[in-house]
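1. Pasting the sequence and the predicted model now:
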Number of protein chains: 2
Amino acid sequence: MKLSDRIQAMQASPVRKLVPYATKAKKAGKKVYHLNIGQPDIQTPSVFMEAINAYDTEVIKYSFSQGEPILIDAICDYFRRDDIHFEPEDILITNGGSEAITFAAIAICNPGDELLVPEPFYTNYNGFTGEVNVNIVPITTKAEDGFHLPSEKEIEALITPKTKGILFSNPGNPTGTILRSDEMEMIARIAIKHHLFIISDEVYRGMAFDGLEAQSMASIKGIEDHLIITESVSKRYSACGARIGAICSHNKDLMKNILKLGQARLCVATLEQIGAAALYRLPDSYTKEIRDEYQARRDIVFDALQQIPGVLVQKPTGAFYMVVKLPVDDAEKFIIWMLEHFDVNGETIMLSPAEGFYATKGLGKDEARIAYVLNKDDMQKAMKILQAGLLAYNNQ
Amino acid sequence: MKLSDRIQAMQASPVRKLVPYATKAKKAGKKVYHLNIGQPDIQTPSVFMEAINAYDTEVIKYSFSQGEPILIDAICDYFRRDDIHFEPEDILITNGGSEAITFAAIAICNPGDELLVPEPFYTNYNGFTGEVNVNIVPITTKAEDGFHLPSEKEIEALITPKTKGILFSNPGNPTGTILRSDEMEMIARIAIKHHLFIISDEVYRGMAFDGLEAQSMASIKGIEDHLIITESVSKRYSACGARIGAICSHNKDLMKNILKLGQARLCVATLEQIGAAALYRLPDSYTKEIRDEYQARRDIVFDALQQIPGVLVQKPTGAFYMVVKLPVDDAEKFIIWMLEHFDVNGETIMLSPAEGFYATKGLGKDEARIAYVLNKDDMQKAMKILQAGLLAYNNQ
């Protein structure tokens, strides 16, 4: 029997495909600093488990397909703090932000349809769309422009009758770039003019540095029927393993149809929703504390990278990633070499090759994504290991 | 903007679409016995929460895309009790049995490809396949044959170049039918001859009555590369809200590719996997106790239905469902009427219309699925309400 073309065409996750090398390094006794994956070391707020333990768990029942009302209400209130008004029927709880994007892709695209996505982009967008036969058409952004969007004209030139929407993360993974107001207005104009949906992946919202704010796309007026926001507790609340996300839209027809997808898979894990509701009710002071911590980590990483000869990097303003150009031909080969052949006192680091974050062939080959998800001491050590590793690699 | 054809073509869940009527009935003060959904009232074994509470929850981290090793090992051991040997690499943990079937459909079918499915079938198969553009071709089975399969010739006549596999649940939802050995052998022969995959949904395995055993399809030799088993803790361990399932296959190429789907959505909720591992390690005495309980409930329901004039039903031998022919023209109308206009001392019942469990138009219109998931007293009361309701409905 042959497997389907669509599954064979899927790439293995660039974030996860090198894991076997890390496993081998660890078996050989090395300590590996994981900067390859957005798994923060920050404690999940204790309200998460407290809420679960206070819940009646005699029978772990199906939740509602739309999600637990207590969580939906908490998300409505979370948006309301920024004067954004969603009603409960505008929200459906998903298995992480991942399922939210897959649901959006299924709901607005038939097989062969296209989504415009600024590249480099969160590499799993390839998976969420490829498995349901939706094609990504990249809008190339460049490090030298701080990964900001090209002109309206350049974007419009990519639109075909098959284009159904624009998908992006803001703040950006892997770039750490925050969209400016004029970019958000431009996206809105394009969507209205060309009848496109806007899928705004806002799972890093709140993580904006240097006094900047990452505005929700929902703050732009006049695109209510176009806009689909995807949400998650993973990053903001350091609860990646909870797999709780949401899809939010004022488009009633869309949400009515998305509910059919929710019903097909019945529901999201009940207990995790109860815990997540408590996370969304954490005060703004929590988000501020987290943001300050990541800003400090960013500064350490950015300052250290500035000192490494041949490394090119722009200072990111949000999320907890940056894309760096390394003085190597092939970043993936270098990353594997770091795991297999290099250590400083028994310690090494793991990065993500950035090539998989681009759809355009040939881009990103000498780039890597760094996730600054470890504490300041660890990040400092990791940057020293990177510097020593690059020197040794290029002196071979 | 237009929504996609595929989402517009999806049906609302026949199990869940009448929920608003139940909600309204409850608001009006009625008690509703839910026989419409496979949500058992049996307590989730306490080992589930005990394992979660014993787990280090300081940071709720991503799990592995393949799943937590402790759960995968527990599933291997669960199968080993029946002399079925899966290695850890043959198993991937999924968001319930639902995601396991969606993954299987994506992996073996391109858009427009077909799966043969004996009808009536678990209605959500429509959703799992429709959302990824896979078409179900029904193999009609009949109440008068105990919902057993038709002849090999009749099944083979349905096979086209687009047919990629055969999908079925055993024990069957909604029929409660257990496949005989000769039927399993026939499926194996057809799969080998026509190069088809076999997706055997075994989430009700262990729930077999009257001394029968529901054999796993994995006990049939010579189909190792054809067979995909889907599993879940929902029913056997009364943990529907945990959303823990698995996809199991000896086909290495298939599992390697399925892992890409797993990586795309990162992982399944970490805590629920830890809890589920404890469930799979429950002794056989647990399953026996559950089975005896459901057998007793079945007997109550079957005996009661035999007493209702005009009701036709075959005694099912597994799972916790039965399909009954009601003396009404349109079962859905009757079910809504029971919620809106009928009660016995303030109590009524909710069933699932069976029409949505058939792919062939016109079949099942006068049938309903009864899930005997409530305790014996409740089931007895519910059957009395059904009898009184049918009488009143037909005397209008």
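-> Sure thing, it's come through.

2. can you give me the strands for the stretch 51-200 of chain A?
-> A:91-95, A:114-119, A:135-140, A:163-169, A:197-201 (DSSP state E, counting those that start in this stretch).

3. Let me have the ones you listed in TSV, extended by mean neighbour count.
-> Backbone N, C-alpha and C define where each C-beta goes, glycine included. Formatted as TSV, the strands of the stretch 51-200 of chain A follow (neighbours: other CB atoms under 10 Å in any protein chain shown):
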stretch	mean neighbour count
strand A:91-95	26
strand A:114-119	23
strand A:135-140	17
strand A:163-169	25
strand A:197-201	25
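
4. Enumerate every residue touching the closest residue to A:Thr44 other than its chain neighbours.
-> Counting by CB to CB, 6 or more residues apart in numbering or on different chains, B:Ile60 is the residue found nearest to A:Thr44 once chain neighbours are left out, at 4.5 Å. B:Ile60 makes contact with A:44, A:48, A:238-242, B:270-271 under the criterion CB atoms under 8 Å, 6 or more residues apart in numbering or on different chains.

5. ok, which pair from these is furthest apart?
-> A:Ser238 and B:Leu271 (14.4 Å; CB to CB).

6. and the gap between the residue nearest to A:Arg265 when sequence neighbours are not counted and B:Tyr237?
-> Spatial nearest neighbour of A:Arg265, excluding adjacent residues (CB to CB, 6+ apart): B:Ser98 at 4.2 Å. For B:Ser98, the distance to B:Tyr237 equals 16 Å [CB to CB, to the nearest Å].

7. which of the two has more neighbours?
-> B:Tyr237 (27 against 23; other CB atoms under 10 Å in any protein chain shown).

8. I figured the more buried one hits B:Arg281, correct?
-> No - with contact defined as CB atoms under 8 Å, B:Tyr237 does not count as touching B:Arg281 (10.6 Å).

9. Give me the common contacts of the two.
-> Common neighbours of B:Tyr237 and B:Arg281 (CB under 8 Å, 6+ apart) do not exist.

10. and A:Leu391, which of the strands of the stretch 51-200 of chain A is closest to it?
-> Using CB to CB, the nearest of the strands of the stretch 51-200 of chain A to A:Leu391 is strand A:114-119, at 30.4 Å.

11. Residues contacting that closest one, please?
-> So strand A:114-119 is in contact with A:105, A:109, A:125, A:129, A:134-141, A:147, A:149, A:155, A:158-160, A:162-168, A:172, A:196, A:199, A:357-360, A:363, going by CB under 8 Å, 6+ apart.

12. show me what contacts the closest residue to chain B within the stretch 101-250 of chain A?
-> Residue of the stretch 101-250 of chain A nearest chain B, by CB to the nearest CB: A:Gly127 (2.6 Å). Residues counted as contacts of A:Gly127 (CB under 8 Å, 6+ apart) are A:10-11, A:13, B:260-261, B:263-265.

13. cool, A:Asn95 as well?
-> A:243-245, A:265, A:268-269, B:95, B:243, B:265, B:269.

14. ditto for A:Tyr358
-> A:119-120, A:138, A:140, A:364.

15. Just give the closest residue to it, not the sequence neighbours.
-> A:Gly364 (4.3 Å).

16. How about the contacts made by the one you found?
-> A:Gly364 touches A:120, A:323, A:331, A:353-358, counting by CB under 8 Å, 6+ apart.

17. Looking at those residues, state which has the most neighbours.
-> Going by other CB under 10 Å, A:Pro120 tops the contacts of A:Gly364 with 30 neighbours.

18. Could you report the distance from the closest residue to that residue other than its chain neighbours to A:Glu367?
-> Spatially, and ignoring its direct neighbours in sequence, A:Pro120 is nearest to A:Phe357 (3.7 Å; CB to CB, 6+ apart). Between A:Phe357 and A:Glu367 the distance is 8 Å, computed by CB to CB.

19. list residues touching both of those two?
-> A:120, A:323.

20. Check which helices and strands the longest helix anywhere in chain A sits against.
-> In chain A, assigned by DSSP state H, the helix with the most residues is helix A:284-306. Other helices and strands packing on helix A:284-306, by 3 or more CB pairs under 8 Å, 6 or more residues apart in numbering or on different chains; DSSP states H and E, are strand A:321-325, helix A:376-394.

21. tell me what the first one is packed against?
-> Just to be clear, that refers to strand A:321-325. helix A:284-306, strand A:367-371.

22. let's see it at 6 Å
-> strand A:367-371 (3 or more CB pairs under 6 Å, 6 or more residues apart in numbering or on different chains; DSSP states H and E).

23. List the buried residues of the strand it packs on.
-> A:367-371 (16 or more other CB atoms under 10 Å in any protein chain shown).

24. Looking at these, which one is closest to chain B?
-> A:Ala371 (12.0 Å).

25. one step back: out of the helices and strands packed on helix A:284-306, which one sits most buried?
-> A comparison of these by mean neighbour count, using mean count of other CB atoms under 10 Å in any protein chain shown, puts strand A:321-325 on top with a mean of 23.

26. Now whichever helix or strand comes after it: average pLDDT?
-> Sequence order places helix A:331-341 as the next helix or strand after strand A:321-325, per DSSP states H and E. The average of the pLDDT scores along helix A:331-341 is 97.

27. Which elements pack onto the helix or strand that helix A:331-341 is followed by?
-> Downstream of helix A:331-341, the first helix or strand assigned by DSSP H and E is strand A:347-350. Using 3+ CB pairs under 6 Å, 6+ apart, the elements in contact with strand A:347-350 are strand A:31-34, helix A:376-394.
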